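A.B. asks: next comes the sequence, and after it the predicted model I'd like to discuss.
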Amino acid sequence: MSETDPWWKSAVVYQIYPRSFADSDGDGVGDLRGAIGKLDYLKGLGVDVVWLSPVYRSPMDDNGYDIADYRDVDPLFGTLDDLDELIAGLHARGMKLVMDLVVNHTSDEHAWFQESRDPSSVKRDWYFWRPAREGFEPGAQGAEPTNWASFFGGPAWTYDEASGEYFLHLFSPKQPDLNWENPEVRAAVYDMMRWWVDRGVDGFRMDVINLISKPIPLTDGAVAPGQPLSYDVSQVANGPRMIEFLEEMNREVGIGERRLFTVGEMIAVDVDRAREYTSQHHDRLGMVFTFEHVTLDQEPGGMKWDLKPLSLPDLKRTMARWQKGLGTEGWNSLYFENHDQPRVVSRYGDDSPEHRVASAKTLATVLHLHRGTPYVYEGQELGMINAGFTTAGDYRDIESRNFYTIATGQGVPAERALAALAAKSRDNARTPMPWTPEGGFTTGTPWLPYNAAAPEINVEAELADEDSVYHHYRRLIALRHELEVVREGRFELLLPDDERIWAFTRTLRDEQLMVIANMTSQVAGVPMGSIPSLERAELVLTSLPAAADDVQTLEPWESRVYRIR
Ligand code: GLC
């Protein structure tokens, strides 16, 4: 890596969802002191950066993605002193801290919004207040200023009787959207970001950041057939001032000079736009989280709940297209899991006891050996599986609960709605981190039950077993640190149409890495003519303890990584 290259090109990020990570005070909710107690665990895994989901003061309508005070820690999670200690503890171990930056919206309980509720307030314009649609009585059916729907179901506008107007919320009514057109809003956000940087944080994960620039004036979206409220997401995302706002933020916060880590979560972004946002020729974003590869198991044009089986060629080609498209100008983030996605072993792998370990390792291998910065979401390094909830009452997540109520209200059979939740609910990823066979996350009652598999899938068991998913992640992370070809190598997809094998090479000067993986639960043959010769190849990583000498057939979920020089 050259001196001028961004440091995060060789980094692996670990995401802590604090509510579910480790609880120090027995109230059943994870907290900062709990996380402080696990820093040696993270060091042992080898990760370089921790992304901490929101711990700010919040009414917790969306588990902290609804922030009431950007400069304080919610008592549920601890204090600012605890956060300082977490930062110091990470830095002392050579790791960095990236905070979640949620500035498309605040909580409705934020002082800014409280003030804004008064039509004569100087902060009225800090949010999007609009009168009822012309010709409609305020509050009447269909009177919303535009026909936009909230991502969490229902209209994106809520009527505020006291002021006689509606406010915009692309998420819950408790998450009103900030008006980034107003320069005072932007200045207040940058000031807050500088305050955190001065406190020692090393960067930001920017929540739904490409929604901050709205298409002004706000107008109706195309109504999808059969849907009273709808819009094409691309109509509200990537507004005309996105690049201007990102460049201004960079300047004002000193992101480039301070070499801060940034990743922007982006709904409805295509490869070309992502390349512009992450271009190394500009100071905009270090990388973006994109969604294409995690929407391939839903009906095209449908919602996440409209399930469709994954086609492996689709997944391989999608990821390859992003690799090529970002090329050497932009930079990829590599993720399968986070607090919004189900567990990948259950989703794209095989979570049966027979194949769970090998499929978790193989999914990790293919992901981490693409070009980009890999993310590990808490529990992913254990090969954790979906929650296995069976009743609507099991779910806590606002998106899941709203979906169930709306879908069943519209006549979708309960079994079908429950099947969609079992596959896609965000709560799948939010069950408490199992530290021991008994759980070990809290001494109290966890806010969400442990996964029923915790007695088998837990940190204690996996640390003790050299062949565990955990140790496989550890080796993969070490490989990225050791080999320049993992960081810099050019990506080439092999066998794009093969329905069972995922194979690709990474090439840097005269060195090559070849990854070859059987992505099924059956033995699979490898079309030998289509892969490089393995004559001078050294096997550097496998998903199964003992790999056969030849590569003509691969065991179920077997993957191998060869280094060819
Ligand atoms: C992002 C977060 C998600 C949250 C939403 C609204 O998508 O990852 O958890 O619900 O933004 O803030």
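C.D. replies: Great, that's in hand.

A.B. asks: residue in the protein nearest to the ligand?
C.D. replies: Relative to the ligand, the nearest point of the chain is Y65 (3.5 Å; C-beta to the nearest ligand atom). In short, each C-beta sits where N, CA and C put it, glycine included.

A.B. asks: who's in contact with N210?
C.D. replies: By C-beta atoms under 8 Å, 6 or more residues apart in numbering, N210 lies in contact with 237-239, 242, 264, 266-269, 277.

A.B. asks: against F245, how distant is G302?
C.D. replies: As for G302, its distance to F245 is 31 Å (criterion: C-beta to C-beta, to the nearest Å).

A.B. asks: next: G383.
C.D. replies: Distance from G383 to F245, by C-beta to C-beta: 39 Å.

A.B. asks: got it, and V47?
C.D. replies: Distance from V47 to F245, by C-beta to C-beta: 30 Å.

A.B. asks: neighbour count for those two, which is higher?
C.D. replies: V47 (23 against 19; other C-beta atoms under 10 Å).

A.B. asks: for N338, give me its contacts.
C.D. replies: 15, 289, 375, 377, 429.

A.B. asks: so the third one sits in a strand?
C.D. replies: So that's Y375. Yes. The assignment for Y375 (DSSP: H, G, I helix; E, B strand; the rest coil) places it in a strand.

A.B. asks: go ahead and confirm the residue of the chain closest to the ligand touches V103.
C.D. replies: No. Assessed by C-beta atoms under 8 Å, Y65 is found out of contact with V103, at 11.1 Å.

A.B. asks: which residues do the two both contact?
C.D. replies: Residues touching both Y65 and V103 (C-beta under 8 Å, 6+ apart): D207.

A.B. asks: can you give me the buried ones in the helix or strand bottoming out on mean pLDDT in the chain?
C.D. replies: The weakest-scoring helix or strand in the chain, judged by mean pLDDT, DSSP states H and E, is helix 233-236 (a mean of 78). Neighbour-count burial for helix 233-236 flags 233, 235-236 (criterion: 16 or more other C-beta atoms under 10 Å).

A.B. asks: how about stretch 531-550?
C.D. replies: Residues of stretch 531-550 classed as buried: 531-532, 534, 537, 541-544, 547 (neighbour count, 16+ other C-beta under 10 Å).

A.B. asks: which ones are touching S53?
C.D. replies: Applying C-beta under 8 Å, 6+ apart to S53 gives the contacts 15-19, 63-64, 100, 339.

A.B. asks: same thing but 6 Å
C.D. replies: With contact set as C-beta atoms under 6 Å, 6 or more residues apart in numbering, S53 has these partners: 17, 100, 339.

A.B. asks: which of those has the largest number of neighbours?
C.D. replies: Going by other C-beta under 10 Å, Y17 tops those with 24 neighbours.

A.B. asks: that one and F441, how far apart?
C.D. replies: Distance of Y17 to F441, given as C-beta to C-beta: 12 Å.

A.B. asks: regarding the protein, what is its longest helix?
C.D. replies: helix 183-199 (DSSP state H).

A.B. asks: how far out from the middle of the chain is it?
C.D. replies: Distance, stretch centre to chain centre, for helix 183-199: 23 Å (C-alpha atoms, centre = their mean, to the nearest Å).

A.B. asks: who in the chain is up against the ligand?
C.D. replies: By the rule C-beta under 6 Å from any ligand atom, the part of the chain lying against the ligand is 62, 65, 102, 171, 207-208, 265, 339-340.

A.B. asks: cutoff 5 Å now
C.D. replies: 62, 65, 171, 207-208, 340 (C-beta under 5 Å from any ligand atom).

A.B. asks: helices - which of those residues land there?
C.D. replies: Secondary structure from DSSP H places none of the residues of the chain next to the ligand in helices.

A.B. asks: got CSV for those residues, with neighbour count and distance to P434 too?
C.D. replies: Shown next, in CSV, are these (neighbours: other C-beta atoms under 10 Å; distance: C-beta to C-beta, whole Å):
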residue, neighbour count, distance to P434
D62, 22, 25
Y65, 24, 24
F171, 24, 30
D207, 21, 27
V208, 21, 30
D340, 20, 21
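
A.B. asks: quick one: buried residues of stretch 236-248?
C.D. replies: Buried residues in stretch 236-248 (16+ other C-beta under 10 Å): 236-239, 242, 245-246.

A.B. asks: beyond the least confident helix or strand of the chain, next helix or strand please.
C.D. replies: Following helix 233-236 in sequence order, the next helix or strand is helix 242-253 (DSSP states H and E).

A.B. asks: now for that next one, which elements pack on it?
C.D. replies: Counting contacts by 3 or more C-beta pairs under 6 Å, 6 or more residues apart in numbering; DSSP states H and E, helix 242-253 packs against helix 183-199.

A.B. asks: average pLDDT across the helix it packs on?
C.D. replies: Per-residue pLDDT over helix 183-199 has a mean of 98.

A.B. asks: then stretch 149-169?
C.D. replies: In this model, stretch 149-169 has a mean pLDDT of 94.

A.B. asks: which parts of that stretch are buried?
C.D. replies: For stretch 149-169, the neighbour count (16+ other C-beta under 10 Å) marks 149-153, 155-160, 163, 165-169 as buried.

A.B. asks: pull out the buried positions in stretch 278-285.
C.D. replies: 278, 283-285.

A.B. asks: which of the residues you listed fall within helices?
C.D. replies: Counted as lying in helices by DSSP H, out of these, are T278.

A.B. asks: and the buried residues of stretch 278-285, which two are furthest apart?
C.D. replies: T278 and D283 (10.7 Å; C-beta to C-beta).

A.B. asks: how about G327: what's its closest non-neighbour residue?
C.D. replies: Nearest residue to G327, sequence neighbours excluded (C-beta to C-beta, 6 or more residues apart in numbering): R275, at 7.4 Å.
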